[in-house]
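> this one's structure only:
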């Protein structure tokens, strides 16, 4: 599977597990919302969150996505690369934020939006520039 195929397969997954490095070098993994644009995933987090502080200090990141419930449906990807913050007025940030609001519209409808904005406000976006990735799939494959 190449990165373009992976994007098609995993772009609608709801949660990304994002791994960053704590100041002492130990791993920090959290579930976050994301969108996958052409050049890679864009993750969202709170401005002062541990993830945002980690990525500003050390931009190396791992993003893991998976889908499927039954064994033969399960598939996943682990992306490793560098995370770069997107400035709020950057065209790529505006495009990512628009796609992000469209993707999570249902979760943010009604009281969900008020709760989100009370806790998060404006999300901070980080574009992940993939260096390498690995995929897995448990679907039956034709023999031969």
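Received, thanks. Because the structure is predicted, anything quoted here is derived from the model rather than measured.
> pull the helix or strand with minimum mean pLDDT from the protein.
Every helix and strand of the chain was ranked by mean pLDDT, DSSP states H and E. The lowest is helix 111-119, at a mean of 62.
> can you pull out the strands in this structure?
Applying DSSP state E to the chain gives strands spanning 16-21, 27-32, 34-37, 40-45, 60-67, 75-86, 124-137.
> Looking at the ones you listed, which is nearest to residue 7?
Proximity to residue 7, assessed across the strands of the chain by CB to CB, is greatest for strand 34-37 (5.1 Å). C-beta coordinates here come from the backbone N, C-alpha and C atoms, glycine included.
> for the closest one, packing partners?
In terms of contacts (3 or more CB pairs under 8 Å, 6 or more residues apart in numbering; DSSP states H and E), strand 34-37 is packed against strand 40-45, helix 91-103.
> on contacts alone, who are the packing partners of the first one?
So that's strand 40-45. For strand 40-45, the elements it packs on are strand 16-21, strand 27-32, strand 34-37, helix 50-57, strand 60-67, strand 75-86, helix 91-103, strand 124-137, judged by 3+ CB pairs under 8 Å, 6+ apart.
> Direction included, what does that strand pair up with?
According to DSSP bridges, the neighbouring strands of strand 40-45, each with its direction, are strand 34-37 (antiparallel), strand 124-137 (antiparallel).
> Mean pLDDT and distance to residue 92 added to the strands of the chain, as JSON lines?
As requested, the strands of the chain are exported to JSON lines (pLDDT from 0 to 100; distance: least, CB to CB, whole Å):
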{"stretch": "strand 16-21", "mean pLDDT": "98", "distance to residue 92": "18"}
{"stretch": "strand 27-32", "mean pLDDT": "98", "distance to residue 92": "18"}
{"stretch": "strand 34-37", "mean pLDDT": "96", "distance to residue 92": "8"}
{"stretch": "strand 40-45", "mean pLDDT": "95", "distance to residue 92": "8"}
{"stretch": "strand 60-67", "mean pLDDT": "97", "distance to residue 92": "17"}
{"stretch": "strand 75-86", "mean pLDDT": "96", "distance to residue 92": "6"}
{"stretch": "strand 124-137", "mean pLDDT": "95", "distance to residue 92": "7"}
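> Fine, thanks again, bye for now.
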